[in-house]
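Enquirer: sequence and computational prediction follow.
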Amino acid sequence: MTPRDLDPTLKRLLGSNEPEIDCDECFARLDRYVELQLAGEPADELVPGLRAHLVGCPACAEEHESLRALLELDSVS
Amino acid sequence: MSASDTNPEVSAIAAAPRVDDWHLDLHREGTRHDEAVAQLHGLLLRAARFEVFRRRGSLPQLSAVELDELAQDAADDAAVSVLRRLDDFRGESSFRTWAYKFALLEAAVKVRRRAWRDREVTLEPEHWERLAHAGPGPEDDAENEELLEAVRDGIRTALTPRQRQVLVSTVLEGVPIDVLAERLGSNRNALYKMLHDARRRLREHVAAAGFPEVNE
């Protein structure tokens, strides 16, 4: 059995070994991360640990999705 | 004497702030500061309304007026946070993006807390004892049951009571971390660190029980 075989609940319980930043650091860097993503830059390389945090933290992940969606809306309006 | 001193049209253009420079007036005093604060609030209100509208499905009991009041409260609180932390803005993104995140955070937290306001958070959950696996197929049942037992045993024996509470409430009961933080008199960052430590301990326990792949 590989980690990929785990069902979603077990994955959320066990998390991963990937290095990640905490919620405060995520908030501090989120604006830059999203702008890099929207610019097609390698955001995960330039802001290490943020993507792994979003996988483990549903609240920060929701706020990331919202910021990205709002900026995308701004870009077309 | 430069051209801008003699030509009113050129002077007006030169005096006009760049599109994203208005926020510099937040550091000043007087009329320009007040105008910049009003512009900031408008921007934050736009973001807060956006977030409340996105999450309105979790608040079916609220009217449109009540939802807008929630957004207004979030924008007000976000304005206080932004003005308090102006010196944290380093220009690594546009000011607009930087400010938006404060309003989105305030709005998201208010929506989550409002949605859970009248719901009980079980602080001594036994949910993990009923943890069942929805695996890929019957051929994996024996190994899956061993893995599940290792996870259940890890939750029971490898975690502190508070780690168990945070892990089970947030992951298995679906309690938003901000709601749990409010009930426990803590904050999101502290609870997430506890959740992170709980997951690491649980992985170590499960790995030692014969499933090293969970710790890879």
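Expert: Looks like it arrived, so ask away. Small disclaimer: the values here were computed from a predicted structure and weren't measured. Residues are numbered from 1 along each chain as shown, chains lettered A, B, ... in the order given.

Enquirer: and chain A, which residues reach chain B?
Expert: Chain A comes close to chain B at residues A:1-3, A:5-7, A:9-10, A:12-15, A:17, A:20, A:22-24, A:27-28, A:30-32, A:34-35, A:56-59, A:62-63, A:66-67, A:69-71, A:73-74, as judged by Cβ under 8 Å from any Cβ of the partner chain. In short, each C-beta sits where N, CA and C put it, glycine included.

Enquirer: so of the residues you listed, which ones are in helices?
Expert: A:9-10, A:12-14, A:23-24, A:27-28, A:30-32, A:34-35, A:56, A:58-59, A:62-63, A:66-67, A:69-71, A:73-74 (DSSP state H).

Enquirer: how far away is the nearest residue to B:Ser58 once chain neighbours are set aside from chain A?
Expert: What sits nearest to B:Ser58 in space, not counting adjacent residues and going by Cβ to Cβ, 6 or more residues apart in numbering or on different chains, is B:Ala115, at 4.2 Å. Going from B:Ala115 to chain A by Cβ to the nearest Cβ, to the nearest Å gives 13 Å.

Enquirer: give me the contacts around stretch B:36-50.
Expert: A:66, A:69-70, A:73, B:22-26, B:28, B:68, B:71-72, B:74-76, B:78-79, B:82-83, B:96, B:99-100, B:102-104, B:106-107 (Cβ atoms under 8 Å, 6 or more residues apart in numbering or on different chains).

Enquirer: what residues sit buried inside it?
Expert: Across stretch B:36-50, burial judged by 16 or more other Cβ atoms under 10 Å in any protein chain shown covers B:Ala36, B:Leu40, B:His41, B:Leu43, B:Leu44, B:Leu45, B:Arg46, B:Ala47, B:Ala48, B:Arg49, B:Phe50.

Enquirer: now do the SS call for the fifth one.
Expert: Okay, so that is B:Leu44. Classification of B:Leu44 by DSSP: H, G, I helix; E, B strand; the rest coil places it in helix.

Enquirer: pLDDT score for it?
Expert: Looking at B:Leu44, its pLDDT is 98.

Enquirer: can you check the last one too?
Expert: Confidence at B:Phe50, expressed as pLDDT, is 98.

Enquirer: the third one now?
Expert: Looking at B:His41, its pLDDT is 97.

Enquirer: picking up where we left off before, quick one, which of the contacts of stretch B:36-50 are buried?
Expert: Counted by 16+ other Cβ under 10 Å, the contacts of stretch B:36-50 give A:66, A:70, B:22-23, B:25-26, B:68, B:71-72, B:74-75, B:78-79, B:82, B:96, B:99-100, B:102-104, B:106-107 as buried.

Enquirer: before we move on, back to that, buried subset of the residues of chain A next to chain B, written for ChimeraX?
Expert: Here is the ChimeraX command that selects the buried residues among these (16+ other Cβ under 10 Å):
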select /A:3,6,10,12,13,14,15,20,22,23,27,28,30,31,32,34,35,56,57,59,62,63,66,67,70,71
